[in-house]
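A.B. asks: When you get a sec, could you give me coordinates for this:
(one chain, ligands or ions: 1)
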Amino acid sequence: MQWIARPRRLNLPEAGGAPKKEKKTSMKKTKDHLRPESRMMSYGYNPALSEGAVKCPIFQTSTFVFRTAEEGKAHFELAYGLRPPKPGEEQGLIYSRLNNPDLEILEDRLTLWDRAEACAVFDSGMSAIATTMMEFLRPGDLVLHSNPLYGGTMHFISEVLGRFGIRSLGFDAEMEEADIARLVEDSGMAERLGMIYIETPGNPTNSITDIEAMRRVANRFSTAEKRVLVAVDNTYLGPVFQHPLAFGADLVLYSATKYIGGHSDLIAGACLGSTELIRRVKTLRTFLGTMAGPWTSWLLLRSLETLKLRMEQQTENAWVVARYLQQHPKVKSIHYLGLLTEADGRSYDIYKKQCLSPGAMVAFEVHGGEKEAFAFLNHLQIMKLAVSLGSTESLAQHPATMTHAGVPPQEREAMHITPGLVRLSIGVENVDDLIWDIEQALEAVKLPRKRGKMAEIAV
Ligand SMILES: *Cc1c(COP(=O)(O)O)cnc(C)c1O
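C.D. replies: Below is the predicted model:
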């Protein structure tokens, strides 16, 4: 591809980690020792090929002109896999459902955080998830998944995949590895296990699943002919603070609408993994037409430049908010990774092993129930009452009646999604202003005075 200086991924340092030692000469040549945040402004883009523009232009075009008929023929031969590429030959630009410079540069750049071989970007998180599952699952297969899952994913698995004869089995996110394996064995469908799909940390309660343990469960049910894939929805902490591929996952999925986009102004998704797996995902994407367009891709390139800065500031703010809530008498319980301690046992150990930071999602329960939670939400002045997450502005919502309204009440309780639970996505505002907002909104919460215990709490 002439527009793109192809990525060289040898010896990339751990995201955020120390660079690997390398001979001086090769370091000079490759820049591979640079941290991802240093490459987010330019990686994969060559200004000389776009009139010297420092930023990648928006290639708002549906199709690309071939210089000659022979060139068009060569591009199609590669696209259809009719012959292997010649040495140094790249897939040429054909049509924006297949490839587009903004999309391809974005995909190359997004691989850096997860140290993935390849990436496919989609026009929504749901289309990334749906396209990936449809590529790797067949009628009769079983998908094993953690609970709770994002509502749209849950619906897709049970209602849509179910219609195609793909079966599903859910397990509690915090269940032990041996119990999960037994669940599969007892289901009588172990032979058809095709994919383990998890979301960690889980939405909305930050429940944690051990990715390495999922790899072991997948290996146990894999055979010489069939590798059981482990797919991780990394929307909550990734791509900066958690790297599932390093723990044995095959595929990482994102709603890029959230932290990666980060400004509540676009819908997008991504799937990352090996060259071989992503080639398959991209082929189905071409025929479903679920790729991101040039405008969305360009906006995401812009967003990637500030991704780490945003996530770090949001996390710093979330820490302060979580500690404030923890000591507030109207708050019954709080779910924030940064507040886990050794007393939390396995969750704490997995968090320490797997996550580089607690992130900026805070869920807490007010004393009382829906009425009290609504009083809090209705009195917020800075935080917006809206679903979605990961954006520069703080958002608040009520999982039991909003994002998780579709979950049967009994299951909801089992997942600790109670009527008093509020989910906050903390933004980049001044944290003192956020605390002021929370404080005054909690003042509006009038606790039920029926029981003496409650009245005591209602200071
Ligand atoms: C939002 C979200 C999705 C769906 O992504 P869209 O971009 O809205 O399609 C999937 N998983 C998680 C964890 C999400 O938060």
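
A.B. asks: now the nearest residue to Q314 once chain neighbours are set aside: how far from the ligand?
C.D. replies: Counting by CB to CB, 6 or more residues apart in numbering, Q314 lies nearest to A360, which is 3.7 Å off, once chain neighbours are set aside. C-beta here means a position set from N, CA and C on the backbone, and glycine is covered the same way. Separation of A360 from the ligand (CB to the nearest ligand atom, to the nearest Å): 13 Å.

A.B. asks: Then A373?
C.D. replies: The spacing between A373 and the ligand, counted by CB to the nearest ligand atom, is 20 Å.

A.B. asks: Touching, that residue and L424? I think so.
C.D. replies: No - using CB atoms under 8 Å, A373 makes no contact with L424, being 11.8 Å away.

A.B. asks: Show me what the strand or helix carrying T153 packs onto, helices and strands only.
C.D. replies: Here T153 sits within helix 151-155, counting by DSSP states H and E. Secondary-structure packing of helix 151-155 (3 or more CB pairs under 8 Å, 6 or more residues apart in numbering; DSSP states H and E): helix 125-136.

A.B. asks: Spell out whether the helix it packs on and the ligand are in contact.
C.D. replies: Yes - Helix 125-136 lies within reach of the ligand by CB under 6 Å from any ligand atom, at 125-126.

A.B. asks: Would you mind writing the CA trace of that helix as PDB?
C.D. replies: The C-alpha coordinates for helix 125-136 follow below in PDB (Å, rounded to 0.1, in the frame of the first residue of the first chain):
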ATOM      1  CA  GLY A 125     -18.400  -2.200  19.000                       C
ATOM      2  CA  MET A 126     -21.400  -4.400  18.300                       C
ATOM      3  CA  SER A 127     -20.400  -5.000  14.700                       C
ATOM      4  CA  ALA A 128     -16.900  -5.900  15.800                       C
ATOM      5  CA  ILE A 129     -18.300  -8.400  18.300                       C
ATOM      6  CA  ALA A 130     -21.000  -9.800  15.900                       C
ATOM      7  CA  THR A 131     -18.700 -10.100  12.900                       C
ATOM      8  CA  THR A 132     -16.000 -11.900  15.000                       C
ATOM      9  CA  MET A 133     -18.500 -14.300  16.600                       C
ATOM     10  CA  MET A 134     -20.100 -15.100  13.200                       C
ATOM     11  CA  GLU A 135     -16.700 -15.800  11.700                       C
ATOM     12  CA  PHE A 136     -15.500 -18.300  14.400                       C
END
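
A.B. asks: I'd like the average pLDDT over that helix.
C.D. replies: Per-residue pLDDT values over helix 125-136 give a mean of 98.

A.B. asks: what's the angle between the helix or strand just after that helix and helix 125-136?
C.D. replies: Using DSSP H and E, the helix or strand that follows helix 125-136 in sequence is strand 142-147. If you take axes from the mean of the first three to the mean of the last three CA atoms, to 10 degrees, strand 142-147 sits at 150 degrees to helix 125-136.

A.B. asks: F171 contacts N147, correct?
C.D. replies: Yes - counting by CB under 8 Å, F171 does reach N147; the two are 6.5 Å apart.

A.B. asks: out of everything not next to it in sequence, what's closest to T286?
C.D. replies: Among residues not flanking T286 along the chain, L98 sits closest, at 5.6 Å (CB to CB, 6+ apart).

A.B. asks: I meant A386, not that one.
C.D. replies: Distances taken as CB to CB, 6+ apart place L395 nearest to A386, at 5.0 Å, with adjacent residues excluded.

A.B. asks: before we move on, the earlier item: which secondary structure elements does the next helix or strand along the chain from the helix holding T153 sit against?
C.D. replies: Sequence order places helix 162-163 as the next helix or strand after helix 151-155, per DSSP H and E. Using 3+ CB pairs under 8 Å, 6+ apart as the contact criterion, no helix or strand is in contact with helix 162-163.

A.B. asks: Now E225: phi and psi?
C.D. replies: Per-residue torsions, E225: phi -90, psi -20 (degrees, to the nearest 10).

A.B. asks: sorry, back to before: next one: the residue nearest to T286 from R280, what distance?
C.D. replies: According to CB to CB, to the nearest Å, L98 stands 15 Å off from R280.

A.B. asks: do L301 as well
C.D. replies: For L301, the distance to R280 (CB to CB) stands at 25 Å.

A.B. asks: Likewise for E316?
C.D. replies: From E316 to R280 the distance is 40 Å (CB to CB).

A.B. asks: where's the residue nearest to Y254 when sequence neighbours are not counted, which helix or strand?
C.D. replies: Excluding the flanking residues, the one nearest Y254 by CB to CB, 6+ apart is A270, at 4.4 Å. Following DSSP H and E, one finds A270 within strand 269-273.

A.B. asks: Can I get that strand as CSV, trimmed to CA atoms?
C.D. replies: Taking C-alpha atoms only, strand 269-273 is exported to CSV below (Å, rounded to 0.1, in the frame of the first residue of the first chain):
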residue,chain,number,x,y,z
GLY,A,269,-15.4,-0.9,17.4
ALA,A,270,-12.2,-3.0,16.9
CYS,A,271,-11.0,-6.6,17.0
LEU,A,272,-7.3,-7.4,17.4
GLY,A,273,-5.3,-10.6,17.3
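
A.B. asks: Neighbouring strands - and their directions - for it?
C.D. replies: strand 118-122 (antiparallel), strand 251-255 (antiparallel) (DSSP bridges).

A.B. asks: what is the rounded mean pLDDT of the first one?
C.D. replies: Mean pLDDT, taken over the full extent of strand 118-122, equals 98.

A.B. asks: which element follows the longest helix seen in the chain toward the C-terminus?
C.D. replies: Counting residues, the longest helix in the chain under DSSP state H turns out to be helix 307-326. Following helix 307-326 in sequence order, the next helix or strand is strand 331-335 (DSSP H and E).

A.B. asks: Helix, strand, or coil at M195?
C.D. replies: strand (DSSP: H, G, I helix; E, B strand; the rest coil).

A.B. asks: tell me which element A441 falls in.
C.D. replies: helix 431-443.

A.B. asks: Mind telling me which residue of the stretch 1-150 of the chain is nearest the ligand?
C.D. replies: Taking CB to the nearest ligand atom, the ligand has its nearest neighbour within the stretch 1-150 of the chain at G125, 2.2 Å off.

A.B. asks: What count of nearby residues applies to that residue?
C.D. replies: Other residues near G125 number 25, with proximity taken as other CB atoms under 10 Å.

A.B. asks: ok, the nearest residue to it once chain neighbours are set aside - contacts?
C.D. replies: Spatial nearest neighbour of G125, chain neighbours left out: S255 (2.7 Å); criterion: CB to CB, 6+ apart. Contacts for S255 (CB atoms under 8 Å, 6 or more residues apart in numbering) come out as 124-126, 128, 150, 233, 235, 268-269.
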